[in-house]
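Q: Here is my input; please provide its structure:
(one chain, ligands or ions: 1)
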Amino acid sequence: MRIGFLIIGLYSLITPLEAQKSAEVAKTPPMGWNSWNCFRANIDESKVKAIADAMVSSGMKDAGYQYIVIDDGWMTNGRDINGHIIVDATKFPNGIKPLADYIHGLGLKFGIYSAPGCFTCLKLMGSLGSEQKDANDYASWGVDFLKYDHCNYPSTSVEAKLVPLDSCRAAYELMRKCLENTRRQIVFSVHDKCTIGAVVNNEASLPWIKTVANMHRTSNDIRNNWESMISNLETTSNLWEYAGPGYWNDPDMLEVGNTGNESTSRSNSLQNMNLNEYRTHFSMWCIVAAPLITGNDLRSMTPEIIEILTNKELIAINQDPLGKQGKRIRDDGDTEVWKKELSNDQLVVALLNKSNEPVNISVNWKELGVKGTFKIRDLWTHKDLGKFRNSFTGKNIPGHGTMVILSKKNRIY
Ligand code: GLA
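A: Numbering: from 1, shown residues only. Down below sits the predicted model:
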């Protein structure tokens with residue numbers, strides 16, 4: 001009996017602490033920047049510092065962006081005699097900590113990249129067998145975010161596609177535990193190639209990965225073209241029941257404004273997205289409560305790109321504390337209607353035009369599950385459009401464009 005009390009006593013002491021730890025990060029979708037889409041492995045200390053400066057000076061920090069994440073390519077393919085990963089000294093001559101300190105000095109957070117196999121996707125050193133050592137190094141450098149990829153696990157890309165789900169699970173759980181052991185709050189972002197390599201959206205991994213990671217890639221690598229962006233949205237569209245505070249489906253990083261030399265459309269001759277397509281991309285990532293991790297060169301943004309990425313009304317729906325991923329409620333082929341329920345009794349609706357021509361898209365209250373007269377606001381023009389009863393028609397929505405409207409739910413004016 002006494003032992004029973006003791007165990008219950010210890011359990012109640014430990015559980016709230018454990019629960020608190022994972023609940024403290026990523027309560028809303030993480031927002032930041034990652035080096036991969038624009039720069040690939042071509043990163044270095046001065047470039048990353050300049051990007052962090054630009055995140056502040058462009059107004060992105062004020063709009064809510066926080067994390068500066070260096071992707072693959074910061075490390076060598078070796079470890080020192082004590083087993084610590086060797087940083088690429090030509091790119092980061094001062095090591096990683098001074099860079100993290102600089103980023104923290106700007107009031108931002110710092111993220112890094114690794115993989116659970118012998119090698120990262122660029123065949124540089126992965127964390128296999130050195131998970132705790134790496135986690136400890138990250139914590140000592142001041143890392144706040146870890147992107148944990150899944151190439152070359154255990155040691156080749158072929159094996160990574162064949163590896164059983166349980167083995168993936170063990171690899172991710174191990175790193176999660178190692179991060180927790182450091183007692184530092186670190187967002188854990190995973191790319192579960194066990195799922196993606198074999199069958200896109202094998203939902204078998206989703207329930208458990210939700211308890212391990214704070215965000216989970218649901219698609220292949222995004223490219224800066226309409227087809228790739230829509231395809232990534234599609235793979236995430238039916239996973240809404242797996243998203244919520246502390247865990248988010250990740251259709252990959254944003255391509256908005258990515259005109260860098262490494263912009264990947266060139267490889268398959270598809271066009272980079274235009275401004276309407278970027279607005280759709282940003283709208284839909286906000287609707288599906290995706291992490292908003294930009295992948296463009298923040299040092300050279302046009303005013304239009306800054307305006308898209310810092311649309312505070314859209315960011316507010318992405319960051320809504322209720323944390324509900326929006327759902328498609330109507331699919332008419334070329335046009336779609338999506339809705340996302342927000343806290344404070346609000347409802348946001350996206351009218352998505354997938355055709356090349358301008359169209360009108362209507363939505364009626366019955367399909368939204370509401371009744372009455374509502375005041376409607378356009379979140380791209382930032383204008384109140386008036387009061388509407390029973391239905392609303394978005395007029396002249398441009399080809400590949402999206403209108404996003406907001407109203408109070410269950411309120412009759
Ligand atoms: C994979 C990931 C990308 C990027 C590269 C780095 O392809 O999906 O986002 O991290 O690896 O090598």
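
Q: any low-confidence regions in the stretch 151-300 of the chain?
A: In the predicted model, the stretch 151-300 of the chain carries pLDDT under 70 at residues 193-203, 261-269.

Q: Quick check: the residue of it nearest the ligand.
A: Sorted by distance to the ligand under Cβ to the nearest ligand atom, the residues of the stretch 151-300 of the chain start with residue 221, at 4.6 Å. C-beta coordinates here come from the backbone N, C-alpha and C atoms, glycine included.

Q: next one: the stretch 101-250 of the chain
A: Among the residues of the stretch 101-250 of the chain, residue 121 lies closest to the ligand, at 3.1 Å counting by Cβ to the nearest ligand atom.

Q: Next, that residue: phi, psi?
A: Dihedral angles phi and psi of residue 121 (degrees, to the nearest 10) take the values phi -60, psi -30.

Q: any idea whether the spatially closest residue to the residue of the stretch 151-300 of the chain closest to the ligand that is not a sequence neighbour is helix, strand or coil?
A: What sits nearest to residue 221 in space, not counting adjacent residues and going by Cβ to Cβ, 6 or more residues apart in numbering, is residue 252, at 6.4 Å. Following DSSP: H, G, I helix; E, B strand; the rest coil, residue 252 is assigned to coil.

Q: Does the residue of the stretch 101-250 of the chain closest to the ligand touch residue 149 like I think?
A: Yes: counting by Cβ atoms under 8 Å, residue 121 touches residue 149, with 5.7 Å between them.

Q: can you list residues touching both of those two?
A: Contact with both residue 121 and residue 149 is made by residues 72, 115, according to Cβ atoms under 8 Å, 6 or more residues apart in numbering.

Q: and residue 271, how many neighbours does it have?
A: 11 (other Cβ atoms under 10 Å).

Q: Does it lie in a helix or a strand, and which?
A: When elements are assigned from DSSP states H and E, residue 271 belongs to no helix and no strand.

Q: ok, for it, nearest residue in space, not its chain neighbours?
A: Nearest one to residue 271, counting by Cβ to Cβ, 6+ apart, is residue 225 at 6.1 Å.

Q: Can you report phi and psi for the residue of the stretch 151-300 of the chain closest to the ligand?
A: phi -60, psi 130.

Q: can you map out the helices along the stretch 251-400 of the chain?
A: For the stretch 251-400 of the chain, the helices identified by DSSP state H, counting those that start in this stretch occupy 275-287, 303-309, 312-318, 365-368, in order along the chain.

Q: Show me what the third one packs onto, helices and strands only.
A: What that stands for is helix 312-318. Of the remaining helices and strands, those touching helix 312-318 by 3 or more Cβ pairs under 8 Å, 6 or more residues apart in numbering; DSSP states H and E are helix 275-287, strand 402-408.

Q: at 7 Å what do you get?
A: Counting contacts by 3 or more Cβ pairs under 7 Å, 6 or more residues apart in numbering; DSSP states H and E, the secondary-structure elements packed against helix 312-318 are helix 275-287.

Q: now the angle from the helix it packs on to strand 402-408?
A: When axes from the mean of the first three to the mean of the last three Cα atoms, to 10 degrees is applied, the directions of helix 275-287 and strand 402-408 differ by 40 degrees.

Q: quick one: contacts of helix 275-287?
A: 226, 229, 233, 251, 254-257, 273, 292, 304, 308, 311, 314-315, 317-318, 326, 338, 340, 350, 352, 380, 398-402, 404 (Cβ atoms under 7 Å, 6 or more residues apart in numbering).

Q: residue contacts, the residue positioned nearest the centre of the chain?
A: For the chain, the residue whose C-alpha lies nearest the mean C-alpha position (Cα atoms, centre = their mean) is residue 291; its distance is 2.6 Å. By Cβ under 7 Å, 6+ apart, the contact set of residue 291 is 29, 30, 215, 248, 250.

Q: Am I right that residue 51 is in contact with residue 33?
A: Yes: judged on Cβ atoms under 7 Å, residue 51 makes contact with residue 33 at a distance of 6.2 Å.

Q: Spit out the residues that contact these two alike.
A: Counting by Cβ under 7 Å, 6+ apart, the shared contacts of residue 51 and residue 33 are 68, 298.

Q: which of the two has more neighbours?
A: With neighbours defined as other Cβ under 10 Å, residue 51 and residue 33 compare such that residue 33 has more, 30 against 22.

Q: And the host helix or strand of that one, how far out from the chain middle?
A: Secondary-structure assignment from DSSP H and E places residue 33 in strand 31-34. With Cα atoms, centre = their mean, to the nearest Å as the basis, strand 31-34 stands 8 Å off its chain's centre.

Q: show me where the stretch 301-413 of the chain has strands.
A: If DSSP state E, counting those that start in this stretch is used as the criterion, the strands of the stretch 301-413 of the chain fall at 327-331, 335-341, 346-353, 359-364, 373-378, 383-389, 391-397, 402-408.
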